[in-house]
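In: fold the following.
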Amino acid sequence: YNCTGSGAVRSWADIARAVFEAANGNGERVVPVSTADYYANAEGPVAPRPVHSALDLSRLESVGFHMPDWEEELGEYLKTL
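Out: Okay, the predicted model is just below:
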């Protein structure tokens, strides 16, 4: 089974932006990098990554397990730090 927070599918840059914004209000400082640029500028070997890596929660949901929205939980988590 895949397990992740529910809610909108976001890019890694979007997730980083949300974390920075929630933690210290600096979300605008996150600069997205394309996969092509990331590979082109890597200093060593880079494991291949899928183009689309959203996880499917339907199997967990089919057995009654519902994950909370990741954006809501991010704020709750940061309150504990």
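
In: measure stretch 33-44 end to end?
Out: Chord length of stretch 33-44, first to last residue, is 17 Å (C-alpha to C-alpha, to the nearest Å).

In: and if you look at stretch 7-17?
Out: Start-to-end, stretch 7-17 (C-alpha to C-alpha) is 16 Å.

In: what residue, apart from its backbone neighbours, is nearest G7 spatially?
Out: D69 (3.9 Å; C-beta to C-beta, 6 or more residues apart in numbering). The way it works is simple: take the backbone N, C-alpha and C, and place the C-beta from them, glycine included.

In: surely that neighbour and T4 touch.
Out: No. D69 is beyond contact range of T4, at 10.9 Å (criterion: C-beta atoms under 8 Å).

In: how many residues are close by the residue nearest to G7?
Out: Using other C-beta atoms under 10 Å, D69 has 11 other residues around it.

In: the one 3 residues further on too?
Out: Residue neighbour count, defined by other C-beta under 10 Å, stands at 12 for E72.

In: so what's S34 up against?
Out: S34 makes no contacts at all, as judged by C-beta atoms under 8 Å, 6 or more residues apart in numbering.

In: go with 10 Å
Out: Listed by C-beta atoms under 10 Å, 6 or more residues apart in numbering, the contact set of S34 reads 13, 40.

In: quick one: least confident helix or strand in this protein?
Out: helix 35-41 (a mean of 89; mean pLDDT, DSSP states H and E).

In: list the buried residues of it.
Out: Of the residues in helix 35-41, none count as buried by neighbour count, 16 or more other C-beta atoms under 10 Å.

In: which residues sit against whatever helix or strand comes next after it?
Out: Sequence-wise, the next helix or strand downstream of helix 35-41 (DSSP states H and E) is helix 58-62. For helix 58-62, the surrounding residues in contact (C-beta under 10 Å, 6+ apart) are 1-4, 6, 65-67.

In: now stretch 2-12
Out: 14-18, 30, 32-33, 35, 38, 49, 52-61, 65-74.
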